[in-house]
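Chemist: please find the sequence and the predicted model below.
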Amino acid sequence: MIHFLFAVLGLLVGGVINLLADDLPRRRSPRLPHCSHCDQAYRPAGFLAVGRWLTSRGICPACGRYEGRRPLLVEIGTMVSFAALPFFIEGWPALLVTAFYFAALILIIVIDMEHRLILHIVTFPTTLLALILSVFMDNGNSFWLAVVGAVAGFLVFYVLYWIGQLTFGPGALGFGDVTLAMTMGAMLGFRYIFFALVIGILLGGLISFLLIALRLLNLRSRIPYGQFLAVAAMVMLLWGPEVVTWYLN
């Protein structure tokens, strides 16, 4: 039953993520679900992409333009990930907090992939909420560990940010990646943030190497890096103790 409840929650949250991913990069206040092309508000039956695909195959009834597959994939992906959380996380408080972290990370991934942006309006409030939630959580990430983790994540990527600027020029590493590392530190705490950053860096390097080897990218291509950090944060949220134990052994 709990998996079904979290699946429904994930579907609804996926709809909110789609809405924020459309409006926030345009510096607009979120409003009711609407077409990303003509801004026409959808009827209640079309608030979710799943409903729009069932009724009109993702075609806006007002302008007739195709909205793309991203809204549907985000809703289904969020639904599946939320439904799987109870397999890894015990207790309602921890489940709800982890679901919130996943929602924020999915939003960051979507915006970064589409716009190559990691918005401060997402990372800073999420960091603040993560610090507040750490006070009430009993998962080993105390308030002070969250604070130190946020500072450590920020400082590590701030140094990498300036190294990239000096070595490769502007844009080598965005400042949004720095704030994302800070957010991850608040979510994971000091004990796990370095593992998450290393996993993110290795994952980004591996995917980039494969894309270059397949000639889908070249050495001068730039790909959004925040998505790899966000995935690494998800890994540590689910398997943090196991990753640390494996490394120490």
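Modeler: Everything's here; your move.
Chemist: how about the nearest residue to the residue nearest in space to the middle of the chain, chain neighbours excluded?
Modeler: In the chain, the centroid-proximal residue (Cα atoms, centre = their mean) is residue 105; its distance is 1.8 Å. Sequence neighbours aside, residue 230 is the residue nearest to residue 105 in space, at 4.2 Å (criterion: Cβ to Cβ, 6 or more residues apart in numbering). Every residue, glycine included, has its C-beta placed from N, CA and C.
Chemist: how about residue 13?
Modeler: In this structure, residue 13 finds its nearest non-sequential neighbour in residue 103, 5.0 Å apart by Cβ to Cβ, 6+ apart.
Chemist: pretty sure the one you found is touching residue 20, no?
Modeler: No: Residue 103 lies out of contact with residue 20 (Cβ atoms under 8 Å); the separation is 9.6 Å.
Chemist: next structured bit after the helix or strand bottoming out on mean pLDDT in the chain?
Modeler: Every helix and strand in the chain was compared by mean pLDDT, DSSP states H and E; the lowest is helix 49-56, with a mean of 86. Remark: after helix 49-56, the chain's next helix or strand is helix 70-88, criterion DSSP states H and E.
Chemist: same for the helix or strand following that following helix, what does it pack against?
Modeler: Using DSSP H and E, the helix or strand that follows helix 70-88 in sequence is helix 92-115. Counting by 3 or more Cβ pairs under 8 Å, 6 or more residues apart in numbering; DSSP states H and E, the packing neighbours recorded for helix 92-115 are helix 2-23, helix 70-88, helix 120-136, helix 175-188, helix 226-248.
Chemist: any idea which of those helices is most buried?
Modeler: Highest mean neighbour count among the helices and strands packed on helix 92-115 (mean count of other Cβ atoms under 10 Å): helix 175-188, with a mean of 27.
Chemist: ok and the next helix or strand after that helix relative to helix 175-188, angle-wise?
Modeler: Using DSSP H and E, the helix or strand that follows helix 175-188 towards the C-terminus is helix 190-213. With axes from the mean of the first three to the mean of the last three Cα atoms, to 10 degrees as the basis, helix 190-213 and helix 175-188 are set at 140 degrees to each other.
Chemist: what sits up against helix 190-213?
Modeler: The contact list for helix 190-213 (Cβ atoms under 8 Å, 6 or more residues apart in numbering) reads 140-141, 145-146, 148-149, 152-153, 156-157, 181, 184-185, 188, 217-219, 221, 223, 225, 228-233, 235-236, 240, 243-244, 247.
Chemist: again with stretch 61-69
Modeler: Applying Cβ under 8 Å, 6+ apart, the contact partners of stretch 61-69 are 35-38, 40, 46, 49, 52, 58-60.
Chemist: check stretch 129-149 too.
Modeler: Contacts of stretch 129-149 (Cβ under 8 Å, 6+ apart): 93-94, 97, 100-101, 150, 183-193.
Chemist: what mean pLDDT does that stretch have?
Modeler: Average pLDDT, stretch 129-149: 88.
Chemist: how far out from the middle of the chain is it?
Modeler: On the basis of Cα atoms, centre = their mean, to the nearest Å, stretch 129-149 sits 19 Å off its chain's mean C-alpha point.
Chemist: send me it as PDB with only the CA atoms.
Modeler: Provided in PDB are the C-alpha atoms of stretch 129-149 (Å, rounded to 0.1, in the frame of the first residue of the first chain):
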ATOM      1  CA  LEU A 129      15.100  23.400   4.200                       C
ATOM      2  CA  ALA A 130      17.600  20.600   4.300                       C
ATOM      3  CA  LEU A 131      19.400  22.300   7.200                       C
ATOM      4  CA  ILE A 132      16.100  22.700   9.100                       C
ATOM      5  CA  LEU A 133      15.000  19.200   8.400                       C
ATOM      6  CA  SER A 134      18.300  17.800   9.700                       C
ATOM      7  CA  VAL A 135      17.200  19.000  13.200                       C
ATOM      8  CA  PHE A 136      14.300  16.600  13.100                       C
ATOM      9  CA  MET A 137      15.900  13.600  11.400                       C
ATOM     10  CA  ASP A 138      17.400  10.600  13.100                       C
ATOM     11  CA  ASN A 139      19.500   9.400  10.200                       C
ATOM     12  CA  GLY A 140      23.000  10.300  11.500                       C
ATOM     13  CA  ASN A 141      23.000  13.700   9.700                       C
ATOM     14  CA  SER A 142      22.700  16.200  12.600                       C
ATOM     15  CA  PHE A 143      22.300  19.900  12.100                       C
ATOM     16  CA  TRP A 144      26.000  20.700  12.500                       C
ATOM     17  CA  LEU A 145      27.000  17.900  10.200                       C
ATOM     18  CA  ALA A 146      24.600  19.300   7.600                       C
ATOM     19  CA  VAL A 147      26.100  22.800   8.100                       C
ATOM     20  CA  VAL A 148      29.600  21.600   7.800                       C
ATOM     21  CA  GLY A 149      28.700  19.400   4.800                       C
END
